[in-house]
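Colleague: Please work out how this folds:
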Amino acid sequence: MKPVCVLGDGQLGRMLRQAGEPLGIAVYPVGLNAEPEAVPFQNSVITAEIERWPETALTRQLAGHAGFVNRDIFPLLADRLTQKQLLDDLGLATAPWQLLSDRLEWPQIFAALGDLAIVKRRTGGYDGRGQWRLHPGEQADLPSDCYGECIVEQGINFSGEVSLVGARSHQGQCVFYPLTHNLHQDGILRASVALPQPPAHLQRQAEQMLSAIMNALGYVGVMAMECFIVGDRLLINELAPRVHNSGHWTQNGASISQFELHLRAILDLPLPTPAVSEPSVMVNLIGTAVNIDWLTLSLVHLHWYEKEVRPGRKVGHLNLHHGRIDALNQTLSDLTPLLPDDYRAGLHWAARQLRQA
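Modeller: Next up is the predicted model:
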């Protein structure tokens with residue numbers, strides 16, 4: 001099998017490399033500033049762990065590489081303006097939105113979108129950065145460089161947040177995992193819960209939406225779609241053309257992880273629907289030092305990224321899966337005193353999600 005070069009050498013590239021090892025697939029995560037002659041890309045399939053990148057000697061070299069899968073799709077989805085335009089063109093439901101062009105537009109914006117406006121930078125903002133929640137009278141707090149470089153969305157009163165992770169093959173075959181319920185705090189994913197049998201009407205809606213997007217783009221590989229639940233329908237929040245944080249539970253909770261599924265898709269290997277038979281929970285470790293006592297709990301799988309621990313930085317995650325809800329909830333209870341207090345709300349949320357299964 002051909003080797004795979006991953007543009008970006010963060011935790012997603014690391015986990016792609018780990019997923020390739022049992023299959024004998026050589027995966028090389030490479031930093032954006034790597035010297036082109038040091039990267040074995042000539043006969044490789046190229047993928048990326050990030051949506052956008054600066055121009056460097058390596059990225060200039062890869063820009064013309066015929067094996068760079070989804071090369072022209074990344075910039076389209078990395079810009080929230082063109083991403084939203086794509087969803088509108090496909091007739092897929094999103095929050096009402098517009099380009100934020102001028103500070104004089106605010107009276108019209110609040111009149112059209114209501115009293116809560118969500119401002120997002122067109123590119124680069126993630127994990128709560130580059131985003132602002134504004135009510136009338138607060139727009140002066142917005143940095144002046146946002147105008148022309150941001151979109152503004154209507155604040156949505158949603159009952160829950162879910163994501164769908166799926167993959168598409170070179171031949172157009174699409175496969176999906178069950179919907180994942182997500183909890184965000186300050187814009188950062190704190191916990192995810194995946195159940196083997198999600199609500200059928202929401203799973204069907206989500207699969208139809210993500211299939212339409214991937215087919216329209218001719219996309220190959222794993223893509224994640226984040227949605228709000230509003231009544232009995234879904235509104236698409238954002239797309240990620242890559243493996244995704246909310247799919248990390250698949251490493252231990254599915255027969256094929258999202259990382260292996262992505263490699264299979266881009267290398268044109270068989271792409272069966274992953275089997276998911278037990279509930280799973282993923283807890284993000286954010287700015288938290290490693291605690292070996294987590295490993296005293298038999299259901300806990302630790303994935304540590306070996307990154308410097310800094311406030312607000314994702315440094316690892318914990319996966320739990322089991323066929324019995326009571327066993328998972330007991331482990332969440334046992335895990336609570338082993339984590340800082342700010343994890344308590346997320347662990348309680350995960351337990352509630354499981355009890356509702």
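
Colleague: quick one: contacts for residue 223?
Modeller: Neighbour list for residue 223: 165, 166, 167, 168, 210, 213, 214, 239, 240, 241, 242 [criterion: C-beta atoms under 8 Å, 6 or more residues apart in numbering]. (Glycine included, C-beta is placed from N, CA and C.)

Colleague: That one and residue 262: what is the separation?
Modeller: The gap separating residue 223 from residue 262 is 9 Å, by C-beta to C-beta, to the nearest Å.

Colleague: what's the span of stretch 304-313, first residue to last?
Modeller: End-to-end span of stretch 304-313 (C-alpha to C-alpha, to the nearest Å): 12 Å.

Colleague: Tell me the spacing between the spatially most central residue of the chain and residue 280.
Modeller: Geometric centre of the chain, nearest residue: residue 244, 3.2 Å, by C-alpha atoms, centre = their mean. Relative to residue 280, residue 244 is positioned 15 Å away (C-beta to C-beta).

Colleague: try residue 151
Modeller: When distance is defined by C-beta to C-beta, residue 151 is 33 Å away from residue 280.

Colleague: With neighbour numbers in mind, choose between these two.
Modeller: Taking neighbours as other C-beta atoms under 10 Å, residue 151 and residue 280 compare with residue 280 leading, 27 against 19.

Colleague: So in terms of bridging, what pairs with the more buried one?
Modeller: Note on residue 280: beta-bridge partners by DSSP bridges are residue 194, residue 321.

Colleague: wouldn't it be in contact with residue 318 here?
Modeller: No - contact criterion C-beta atoms under 8 Å: residue 280 and residue 318 do not qualify, at 10.9 Å.

Colleague: I'd assumed residue 264 was in contact with residue 19.
Modeller: No - using C-beta under 8 Å, residue 19 is not in contact with residue 264, being 9.5 Å away.

Colleague: Restricting to C-alpha, output the longest helix seen in the chain in CSV.
Modeller: Using DSSP state H, we find that the single longest helix of the chain is helix 200-217. Written as CSV, here are the backbone C-alpha positions of helix 200-217 (Å, rounded to 0.1, in the frame of the first residue of the first chain):
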residue,chain,number,x,y,z
ALA,A,200,-33.7,7.2,13.9
HIS,A,201,-35.2,10.4,12.5
LEU,A,202,-32.2,12.5,13.5
GLN,A,203,-29.7,9.9,12.3
ARG,A,204,-31.5,9.7,8.9
GLN,A,205,-31.6,13.5,8.6
ALA,A,206,-27.9,13.8,9.4
GLU,A,207,-26.9,11.1,7.0
GLN,A,208,-28.9,12.7,4.2
MET,A,209,-27.3,16.0,4.8
LEU,A,210,-23.7,14.8,5.1
SER,A,211,-24.1,12.6,2.1
ALA,A,212,-25.3,15.5,0.0
ILE,A,213,-22.3,17.6,1.0
MET,A,214,-19.7,14.9,0.4
ASN,A,215,-21.2,13.9,-2.9
ALA,A,216,-21.6,17.5,-4.2
LEU,A,217,-17.9,18.1,-3.4
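
Colleague: Summarise which helices and strands it is packed against.
Modeller: helix 80-89, strand 160-168, strand 174-176, strand 221-230, strand 233-240 (3 or more C-beta pairs under 8 Å, 6 or more residues apart in numbering; DSSP states H and E).

Colleague: hmm, who's touching the very next helix or strand once past the last one?
Modeller: Reading on from strand 233-240 to the C-terminus, the next helix or strand found by DSSP states H and E is helix 250-253. Outside of helix 250-253, the residues that reach it under the criterion C-beta under 8 Å, 6+ apart are 15, 165, 177, 194, 256-259, 261, 274, 276, 278-280, 301, 303, 319-321.

Colleague: and with 10 Å instead?
Modeller: Helix 250-253 is touched from outside by 15, 18-19, 165, 177-178, 180, 194, 196, 222, 243-244, 247, 256-261, 274, 276-282, 299-301, 303, 317-322, with contacts defined as C-beta atoms under 10 Å, 6 or more residues apart in numbering.

Colleague: again, but for stretch 347-357
Modeller: Defining contact as C-beta under 10 Å, 6+ apart, one finds that stretch 347-357 is touched by 160, 181-183, 185, 190-198, 279-283, 320, 325-326, 328-333, 335-336, 339.

Colleague: Sitting in helices, which of those residues do you find?
Modeller: Judged by DSSP H, the subset of the contacts of stretch 347-357 located in helices is 325, 326, 328, 329, 330, 331, 332, 333, 335.

Colleague: Pretty sure the last one sits against residue 300.
Modeller: When you say that, I think you mean residue 335. Yes - under the criterion of C-beta atoms under 10 Å, residue 335 is in contact with residue 300, at a separation of 6.8 Å.

Colleague: That's all I had, so thanks and see you.
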